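Trainee: starting from these lines, generate the structure:
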Amino acid sequence: MEKLDIIKSKIYSSYTDIEFLKMLAFLNFKNKNIVFTNGCFDIIHRGHIEYLAQSAQLGDSLIIGLNSDESVTKLKGTNRPIQDQQSRALILASMQFVSAVVIFSEETPYELINVIKPKFLIKGSDYSIENIVGNDIVIANGGEVRTIDFIEGYSSSSIINKI
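Mentor: A predicted model of the protein is given here:
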């Protein structure tokens, strides 16, 4: 299998994708600790890399929920996303510590989290644990919800403004 094919094989268009469900069943069968986070990841920068790497260290497999183009526009405004969902997914999937990227179109990743039932649910420290979508699912299943501090000065918005 070629390297680009390997990267593309980690991208799923939906949490109902049969191949995604098979991969998830395999991880659960092997008792792997799944780490989940989500976001727009519009312009990948150092803050994203460090956040995702720290998240991945918590378990065996990092699954990223990626907001679809439509949901990014709803969240960030009509000038966003800068990069389309397939480009953003390809960049994320190319990271060696990322096991899967799942695109979701809903306003929140609640249903995706309910399907995955990760051991760890991670968001940035700008969220309080009780306000993180899906915390109820993760806690009810014996998992942990954690936040990771951002690196000052690194955000997609600040990079866009600088450009």
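Trainee: CA atoms for contacts and neighbours, from now on please.
Mentor: Fine.
Trainee: do I have it right that Glu107 meets Ser71?
Mentor: Yes - Glu107 is within contact range of Ser71, at 6.2 Å (criterion: C-alpha atoms under 8 Å).
Trainee: who's more crowded, these two?
Mentor: Ser71 (19 against 13; other C-alpha atoms under 10 Å).
Trainee: name the nearest residue to that one, sequence neighbours excluded.
Mentor: Excluding the flanking residues, the one nearest Ser71 by C-alpha to C-alpha, 6 or more residues apart in numbering is Ser105, at 5.7 Å.
Trainee: so how far is Phe20 from the one you found?
Mentor: 16 Å (C-alpha to C-alpha, to the nearest Å).
Trainee: again, but for Ser55
Mentor: 20 Å.
Trainee: with Gln54 instead?
Mentor: For Gln54 relative to Phe20 (C-alpha to C-alpha), the value is 23 Å.
Trainee: Phe26 now?
Mentor: Taking C-alpha to C-alpha, one finds Phe26 at 10 Å from Phe20.
Trainee: who's more crowded, those two?
Mentor: Taking neighbours as other C-alpha under 10 Å, Phe26 and Phe20 compare with Phe20 leading, 21 against 12.
Trainee: spit out the contact partners of that one.
Mentor: Applying C-alpha atoms under 8 Å, 6 or more residues apart in numbering, we find Phe20 in contact with Tyr12, Ser14.
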